[in-house]
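**Student:** Build me a structure from this.
(2 chains)
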Amino acid sequence: MSNAMKFLVVDDFSTMRRIVKNCLQELGYTDITEADDGNTALPLLKNGAFEFLITDWNMPGMPGLELLKAVRSDAKLSKLPVLMLTAEAKREQIIEAAQAGVSGYVIKPFTAVTLKEKIDKILASKAAA
Amino acid sequence: MAPAETSNALLRDRYGSLIAALQGAVDANDDTAFRGAFDKLRESLSAEFMPELKRLTASAESALARFRERARIDALADQEVPDARKRLAHVVQLTDEAAHRTLDLVEKSGPLVEQQAREAAELLEAWSVYGDREYAANSLWPERTLSFLERSLTDADRVRSLLSEMLMAQGYQDITGQIIRSVISLVGEIEDVLGQLVALSNGEDTRRMPTLRVPAADQKSMQSGLGPQIPGVSSPGEAVSGQDDIDALLASMAGGG
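**Tutor:** The predicted structure follows:
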């Protein structure tokens, strides 16, 4: 099964980007681009016709929450599905991410099953909208 | 007149007669006069230098107090260094667990692959013994091969799943990397504090020293990220217990509009 949906994976740790990329490939997604923080991700998003963003929170440069807010405030990107994949675990933070319009939130360490479930759920609700 | 000469002249005026009296008592071998002249000289020296000594002590004390305030030295000693030890101990635990998990998965995969290789070799060897396709087709070889292919399919799925678990086990590097980075920041701050302590002991003015750079762990912003939870290390706010807790929280928010 192959799916041409265009993913951007943002994390400052290259090991984590590889893990997510491998998980996505196992799920059949083959078009995956990587960025190491919000500052490098945002120009890619603005020029790249991405259909799904998976981002870490705690990154040097622009953190994931700021990237999420930038995406939601950009007319062209505002509807982009954004999955937060992070070790940040405070209720206050999760509430803030939700209020900023995050589409899903997965806590690290995570399982491939959880990642698949959240991606499927986001895409299902996007299709229903 | 040069400043040194002025200073010498003042000292001579102030102490010349006292020292002469002391010298006179020594020359006359007069113990009472010697004791009297010595006490006068000592009182005079104390009166001149004690205020300066007190001022220097007070100045050193206030420099030290300023330094303590700027360097957060109490917080470093009482909380952050002990916390850093807990953070590093947690890193040791996570790397240990991840390494064992990976090794367990390798040990589970190895026999499956070895079994496949052994059976494939046996089938190939049998085929070479038969030599004649028609004869082989009438033997047990096709059945054995079919059974091998079915098992291979199941084993390949199992190995693929084990490889996927190995992949996920490498996620420890992100978590431990974040923890180690926070400890590196702390060590950087301690390096600065030690540098300033050395400067302070050399009599440099702490007011001219740069402000120490790293914010306290509990001042790190939730907006930029606090990093992973560490057992036994407190941080601001209430943490969720896991993915289910997050899902419930998000569902309750969606439900509440």
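**Student:** all helices in the chain, in order from the N-terminus.
**Tutor:** Since you didn't name a chain, this refers to chain A. Assigned by DSSP state H, chain A shows helices spanning A:14-26, A:38-48, A:64-72, A:91-99, A:112-128.
**Student:** try chain B instead
**Tutor:** B:3-28, B:31-71, B:73-75, B:81-130, B:133-137, B:141-169, B:172-201, B:243-255.
**Student:** now these as JSON lines including distance to A:A112 and mean pLDDT?
**Tutor:** Quick note: C-beta positions are derived from backbone N, CA and C, even for glycine. What follows is the helices of chain B, written out as JSON lines (distance: least, Cβ to Cβ, whole Å; pLDDT from 0 to 100):
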{"stretch": "helix B:3-28", "distance to A:A112": "81", "mean pLDDT": "85"}
{"stretch": "helix B:31-71", "distance to A:A112": "46", "mean pLDDT": "83"}
{"stretch": "helix B:73-75", "distance to A:A112": "41", "mean pLDDT": "81"}
{"stretch": "helix B:81-130", "distance to A:A112": "14", "mean pLDDT": "94"}
{"stretch": "helix B:133-137", "distance to A:A112": "42", "mean pLDDT": "78"}
{"stretch": "helix B:141-169", "distance to A:A112": "6", "mean pLDDT": "95"}
{"stretch": "helix B:172-201", "distance to A:A112": "15", "mean pLDDT": "90"}
{"stretch": "helix B:243-255", "distance to A:A112": "13", "mean pLDDT": "92"}
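**Student:** among those helices, which is nearest chain A?
**Tutor:** The closest of the helices of chain B to chain A is helix B:172-201. By Cβ to the nearest Cβ, the value is 4.2 Å.
**Student:** Measure how the closest one sits relative to helix A:14-26, angle-wise.
**Tutor:** Going by axes from the mean of the first three to the mean of the last three Cα atoms, to 10 degrees, helix B:172-201 is angled at 170 degrees with respect to helix A:14-26.
**Student:** For residue 61, give me its contacts.
**Tutor:** All of this refers to chain A. By Cβ atoms under 8 Å, 6 or more residues apart in numbering or on different chains, the residues touching A:G61 are A:36-40.
**Student:** What is the burial count for residue 45?
**Tutor:** Picked chain A for this. 23 (other Cβ atoms under 10 Å in any protein chain shown).
**Student:** nope, chain B please
**Tutor:** Neighbourhood size, B:L45 [other Cβ under 10 Å]: 13.
**Student:** what does B:L194 give?
**Tutor:** Counted with other Cβ under 10 Å, B:L194 comes out at 11.
**Student:** distance of it from A:T33?
**Tutor:** 44 Å (Cβ to Cβ, to the nearest Å).
**Student:** tell me the most buried of the helices of chain A?
**Tutor:** The highest mean neighbour count among these belongs to helix A:64-72 (a mean of 22), with neighbours defined as mean count of other Cβ atoms under 10 Å in any protein chain shown.
**Student:** Quick one: residues in contact with that helix.
**Tutor:** With contacts defined as Cβ under 8 Å, 6+ apart, helix A:64-72 is touched by A:10, A:37-38, A:41-42, A:45, A:53, A:55-58, A:62, A:77-78, A:80, A:82, A:84, A:86, A:93, A:96-97, A:100-102, B:223-225.
**Student:** 7 Å - rerun?
**Tutor:** Here helix A:64-72 makes contact (Cβ atoms under 7 Å, 6 or more residues apart in numbering or on different chains) with A:10, A:38, A:41-42, A:45, A:53, A:55-57, A:77-78, A:80, A:82, A:84, A:86, A:96-97, A:100-102, B:223.
**Student:** ok, for residue 115, nearest residue in space, not its chain neighbours?
**Tutor:** Going with chain A. A:C23 (5.4 Å; Cβ to Cβ, 6 or more residues apart in numbering or on different chains).
**Student:** look at chain B instead
**Tutor:** Leaving out its chain neighbours, the residue that sits closest to B:Q115 by Cβ to Cβ, 6+ apart is B:D155, at 7.1 Å.
**Student:** before we move on, back to that, most neighbours per residue, which of the helices of chain B?
**Tutor:** Across the helices of chain B, averaging neighbours per residue (mean count of other Cβ under 10 Å) puts helix B:172-201 on top, at a mean of 17.
**Student:** For B:R42, find the nearest of the helices of chain A.
**Tutor:** helix A:91-99 (67.9 Å; Cβ to Cβ).
**Student:** What distance do you get for the nearest residue to B:I190 once chain neighbours are set aside to B:E189?
**Tutor:** Distances taken as Cβ to Cβ, 6+ apart put B:L76 closest to B:I190, at 6.6 Å, once the chain neighbours are dropped. Plainly put, B:L76 is 7 Å away from B:E189 if you go by Cβ to Cβ.
**Student:** which parts of the stretch 101-250 of chain B sit against chain A?
**Tutor:** Counting by Cβ under 7 Å from any Cβ of the partner chain, the stretch 101-250 of chain B comes close to chain A at B:164, B:167-168, B:170-171, B:173-175, B:177-178, B:222-229, B:237-240, B:242-243, B:246, B:249-250.
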